[in-house]
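Q: sequence unknown, structure follows:
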């Protein structure tokens, strides 16, 4: 059985020197010497100019509030039986 051979139900236990977790937390095992090696060198590229703004679509023109006509304020709707009632204040 696994328990008789020194292993438990989850495998063989750790043996040997007890390692500290501090080097893992402080990133002692990682080298940051080649940080930019995974990315292409874009320093020599130059911008040619700006792209023109995108053209308006029918939907975007419908959503544009600047092109809507200004609505004149309407008189508030009141039921006929309350039209002649004076305000209390």
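A: Perfect, thanks for sending it. Treat the numbers as computed from the prediction; the structure is a model and nothing was measured. Numbering: from 1, shown residues only.

Q: remind me, longest helix of this structure?
A: helix 58-63 (DSSP state H).

Q: I'd like to know how far residue 27 sits from residue 20.
A: Note on residue 27: its distance to residue 20, by C-beta to C-beta, to the nearest Å, is 14 Å. (C-beta placed from N, C-alpha, C; glycine too.)

Q: So which residue is dead centre in this protein?
A: residue 39 (22.8 Å; C-alpha atoms, centre = their mean).

Q: could you give the mean pLDDT of the longest helix of the chain?
A: Helix 58-63 carries an average pLDDT of 90.

Q: With stretch 16-32 instead?
A: Rounded mean pLDDT across stretch 16-32 is 80.

Q: What's the end-to-end length of stretch 33-49?
A: 35 Å (C-alpha to C-alpha, to the nearest Å).

Q: what do you get for stretch 72-88?
A: 28 Å.

Q: How about stretch 45-61?
A: 36 Å.

Q: cool, and stretch 82-89?
A: Note: stretch 82-89 ends 16 Å apart using C-alpha to C-alpha.

Q: Kindly report the same for stretch 45-58.
A: With C-alpha to C-alpha as the measure, stretch 45-58 spans 37 Å from end to end.

Q: Stretch 79-89 now?
A: Stretch 79-89 end-to-end distance (C-alpha to C-alpha) = 20 Å.

Q: Please compute how far it lies from its chain's middle.
A: Centroid separation for stretch 79-89 versus its chain: 53 Å, with C-alpha atoms, centre = their mean, to the nearest Å.

Q: What segments of this protein are helices?
A: So, for the chain - with DSSP H - the helices run 22-25, 58-63.

Q: Switch those over to TSV; also include distance to residue 72.
A: Converted to TSV, these look like this (distance: least, C-beta to C-beta, whole Å):
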stretch	distance to residue 72
helix 22-25	69
helix 58-63	22
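
Q: Serialize those helices to TSV and add fields for mean neighbour count and distance to residue 11.
A: Shown next, in TSV, are the helices of the chain (neighbours: other C-beta atoms under 10 Å; distance: least, C-beta to C-beta, whole Å):
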stretch	mean neighbour count	distance to residue 11
helix 22-25	9	21
helix 58-63	9	61
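
Q: Quick one: closest of those to residue 46.
A: helix 58-63 (31.9 Å; C-beta to C-beta).
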